[in-house]
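Engineer: Sequence and predicted model, in that order:
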Amino acid sequence: MASVAGIVEDNKKIRDLIQRYLDMQDDLSCPVAVDSVEEMIDYLEEHPAPDVILMDIQLPGMSGIKGIGLIKEKYPDIEIIMLTVYHDSHKIFKALRAGASGYLLKHTSLPEIKESILKLLDGGAPMSPQIARKVITHFQDDSAKKNAESDLTPREHDIVNGLVDGLSYKMIADRYDISIDTVRAHIRNIYKKLHVNSKAEVIAKSLKGEI
């Protein structure tokens, strides 16, 4: 049975070209191609949901990124692939966090778009090479940052836990049977290692899982 795709793209030439191509495939059909998220939502209320939607970001009316959340909330089984000219990290991660399962740039060829749809429906997460590199770099940087931030001694972790629990320096000293001066020394080292200047920043990093 052929998988069903939909398109949200405000450039009519691109939209029609992709729709015609997908409709020519034996294993795919594309019954809906619209120029806004609002039109797609109207369509979904009256018709069976497609398996996957190709979604632009910059659209008339609601943005594609906002549209992901609305569509996924009501139709969680629909997979969404971004198909856009935007390759800045901010938009990439905003789209992925909103629920997109793939991210392709608009210079992606028609056969590659088809392959990406099928790969996604088979459990993959298709991305243009340039996007995949940015994602990998982001997580490598994030991992390095977290490793650096987590380079605290067991006693320094104890001090952080005390701060998170709302204890004063004296109460921390009493809890771990150390002097207040030792607590202060640990606090200075913690600030230096985490590149922060206040207890509030230490507590915030701890609550966000960055320590």
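Structural biologist: Looks like it arrived, so ask away. None of the values given here were measured: they were computed from a predicted structure.
Engineer: Met82 falls within a strand, correct?
Structural biologist: Yes: under DSSP: H, G, I helix; E, B strand; the rest coil, Met82 falls within a strand.
Engineer: what residues does the host helix or strand of Gly67 touch?
Structural biologist: Assigned by DSSP states H and E, Gly67 falls within helix 64-74. Helix 64-74 has contacts (C-beta atoms under 8 Å, 6 or more residues apart in numbering) with 8, 37, 40-41, 44, 53, 55-59, 62, 78, 80, 82, 84, 91, 94-95, 98-100. C-beta here means a position set from N, CA and C on the backbone, and glycine is covered the same way.
Engineer: Kindly give a single PyMOL line that selects the buried subset of those residues.
Structural biologist: Buried residues among the contacts of helix 64-74 (16 or more other C-beta atoms under 10 Å), as a PyMOL selection:
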select buried, resi 8+37+40+41+44+53+55+56+57+59+78+80+82+84+91+94+95+98+99+100
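Engineer: Narrow the contacts of helix 64-74 to those in helices?
Structural biologist: Members of the contacts of helix 64-74 lying in helices (criterion: DSSP state H): Val37, Met40, Ile41, Leu44, Lys91, Lys94, Ala95, Ala98.
Engineer: What mean pLDDT does stretch 166-178 get?
Structural biologist: The predicted model gives stretch 166-178 an average pLDDT of 92.
Engineer: Just the residues contacting it, thanks.
Structural biologist: Residues contacting stretch 166-178 (C-beta under 8 Å, 6+ apart): Arg155, Asp158, Ile159, Gly162, Leu163, Ser179, Ile180, Thr182, Val183, Arg184, Ile187.
Engineer: go with 10 Å
Structural biologist: For stretch 166-178, the surrounding residues in contact (C-beta atoms under 10 Å, 6 or more residues apart in numbering) are 155, 158-163, 165, 179-187, 199, 203.
Engineer: Show me which of the residues you listed are buried.
Structural biologist: Neighbour counting over these (16+ other C-beta under 10 Å) leaves Asp158, Ile159, Val160, Gly162, Leu163, Thr182, Val183, His186, Ile187, Lys199, Ile203 as the buried ones.
Engineer: ok so, going back, any chance of CSV for the ones in helices among the contacts of helix 64-74, columns distance to His107 and pLDDT?
Structural biologist: Output for these, formatted as CSV (distance: C-beta to C-beta, whole Å; pLDDT from 0 to 100):
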residue, distance to His107, pLDDT
Val37, 23, 97
Met40, 23, 98
Ile41, 28, 97
Leu44, 29, 97
Lys91, 16, 89
Lys94, 21, 89
Ala95, 18, 90
Ala98, 23, 89
